[in-house]
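just the structure for this:
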Amino acid sequence: MDIANRRLVLSAIGAVALVILAGVIIALASPDPSGSMATTPSRATASSPPTSTKPTVVLEFNGAASGVDITMSENGKISQIADRAVPVHVEVPLASGTEIYWSGQSQSEDGDISCRILVDGVVVDENRSVGGYVITTCQATVP
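Numbering: from 1, shown residues only. As a prediction, the model looks like this:
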């Protein structure tokens, strides 16, 4: 390999190393899943205000369907999951005021599919559809 090719290869390796290093730095500086920066927790003192807890939201699909295609929206951010086995039970802490949309399409030629949204154990919306490949939806705003 001549010197020009060696310089080109070394330049490419250097560029890749910089991209990887930048990715690691960004990952380390990014917030953790709870939304707070990943830092070492400090000791709580007697004067610290109590931490607020988010309501526990439970999203469910039940019924005789063999599977369900799910569309979920949290404040307009849409996620989809294909052909999930029924029953489905998802439990997440969400802030008050969060708008939730939960939709599922049955993957069966017959039967039924139902959805429910519970907040801190209280049903805030539920719905049921009967038939082949039917769709059912639930929506709520977390109180």
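
hey, let's count contacts and neighbours off CA atoms from now on
Will do.

what's around Asn75, how many residues?
Around Asn75 there are 12 other residues, counting by other CA atoms under 10 Å.

I figured it hits Trp102, correct?
No - look at Asn75 against Trp102 with CA atoms under 8 Å: they stay out of range, at 11.6 Å.

mind listing residues that contact stretch 66-73?
78-86, 99-108 (CA atoms under 8 Å, 6 or more residues apart in numbering).

if we use 6 Å, what do you get?
For stretch 66-73, contacts defined as CA atoms under 6 Å, 6 or more residues apart in numbering pick out 78-86, 100-108.

so for it, what's the average pLDDT?
Averaging pLDDT along stretch 66-73 yields 95.

specify the local secondary structure of Gly97.
At Gly97 the chain is in coil, as set by DSSP: H, G, I helix; E, B strand; the rest coil.

next, count neighbours for Met139.
No, residue 139 isn't Met; it's Gln. Residues near Gln139, counting by other CA under 10 Å: 20.

for it, which non-adjacent residue is spatially closest?
Once flanking residues are discounted, Gln139 sits nearest to Tyr101: 4.4 Å by CA to CA, 6 or more residues apart in numbering.

now do the SS call for the one you found.
Secondary structure for Tyr101, judged by three-state DSSP, is strand.

and it, bridged to which residues?
Counting by DSSP bridges, Tyr101 is bridged to Ser73, Gln139.

before we move on, the earlier item: filter the contacts of stretch 66-73 down to the buried ones, PyMOL style.
With 16 or more other CA atoms under 10 Å as the criterion, this PyMOL line picks the buried residues out of these:
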select buried, resi 84+86+100+101+102+103+104+105+106+107+108
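
just the ones of the contacts of stretch 66-73 in strands?
Among those, the members found in strands (DSSP state E) are 78-85, 100-106.

leaving out chain neighbours, which residue sits closest to Gly104?
Nearest in space to Gly104, with sequence neighbours left out and distances taken as CA to CA, 6+ apart, is Ile70 at 4.5 Å.

could you chop the protein up by domain?
Annotated domains of the chain cover 1-39, 56-141 [automatic domain parsing].

could you pull out the strands for the chain?
Under DSSP E, the chain gives strands at 56-63, 67-74, 77-85, 88-93, 99-106, 112-119, 122-130, 135-141.
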